[in-house]
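Visitor: below are the sequence and a predicted model; questions follow.
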Amino acid sequence: MDKRTLIPRTIIDVEGKLAYNEGFQAWNTIRLKKELFNEFPELKEKRSKFSYKMIYFRTYEELEKVIKKLKKSEIMPVLMWLFKED
């Protein structure tokens, strides 16, 4: 299966909620905001398949090594933070 990176035209800064899934008994659903659909209209294609890759680095040094490699490629990573709300 070939993968093609989706590239935004502008900076996207949005916040959203995670949704709890009873079947999995976990907070496993990320709801995408309208701003992301505006920037990536491909995500509205119902017959297309999409995937994601998430990497969590334990140190900034590990992250810096990967960023140096990414600078040589055309792929721009998406930064995501997870929060527990009170």
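Guide: Received, thanks.
Visitor: count the residues that sit near the residue nearest to residue 42 when sequence neighbours are not counted.
Guide: Spatial nearest neighbour of residue 42, chain neighbours left out: residue 6 (6.2 Å); criterion: CB to CB, 6 or more residues apart in numbering. C-beta: built from backbone N, CA, C; applies to glycine. Using other CB atoms under 10 Å, the number of residues around residue 6 comes to 14.
Visitor: quick check: residue 6 is in a strand.
Guide: No. Counting by DSSP: H, G, I helix; E, B strand; the rest coil, residue 6 is not part of a strand but coil.
Visitor: tell me the confidence at it?
Guide: For residue 6, the pLDDT comes out at 82.
Visitor: can you give me the distance of it to residue 21?
Guide: Relative to residue 21, residue 6 is positioned 24 Å away (CB to CB, to the nearest Å).
Visitor: all the strands of the protein, residue numbers only.
Guide: Counting by DSSP state E, the segments of the chain that form strands are 18-21, 26-30.
Visitor: before we move on, back to that, surely the residue nearest to residue 42 touches residue 41?
Guide: No. Contact criterion CB atoms under 8 Å: residue 6 and residue 41 do not qualify, at 9.7 Å.
Visitor: what mean pLDDT does stretch 19-39 have?
Guide: The pLDDT scores in stretch 19-39 average 89.
Visitor: buried residues in it?
Guide: 36, 39 (16 or more other CB atoms under 10 Å).
Visitor: from the chain's centre, how far out does that stretch sit?
Guide: 11 Å (CA atoms, centre = their mean, to the nearest Å).
Visitor: any chance of the strands of the chain in CSV, with distance to residue 83 too?
Guide: Conversion of the strands of the chain to CSV gives the following (distance: least, CB to CB, whole Å):
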stretch, distance to residue 83
strand 18-21, 9
strand 26-30, 11
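Visitor: among the ones you listed, which is nearest residue 54?
Guide: strand 26-30 (10.2 Å; CB to CB).
Visitor: CA atoms only: put the closest one into PDB for me.
Guide: The C-alpha trace of strand 26-30 is given here as PDB (Å, rounded to 0.1, in the frame of the first residue of the first chain):
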ATOM      1  CA  ALA A  26     -10.700   3.600  26.400                       C
ATOM      2  CA  TRP A  27     -10.300   7.200  25.300                       C
ATOM      3  CA  ASN A  28      -9.400   6.200  21.700                       C
ATOM      4  CA  THR A  29     -11.300   8.500  19.300                       C
ATOM      5  CA  ILE A  30      -9.800  11.800  18.200                       C
END
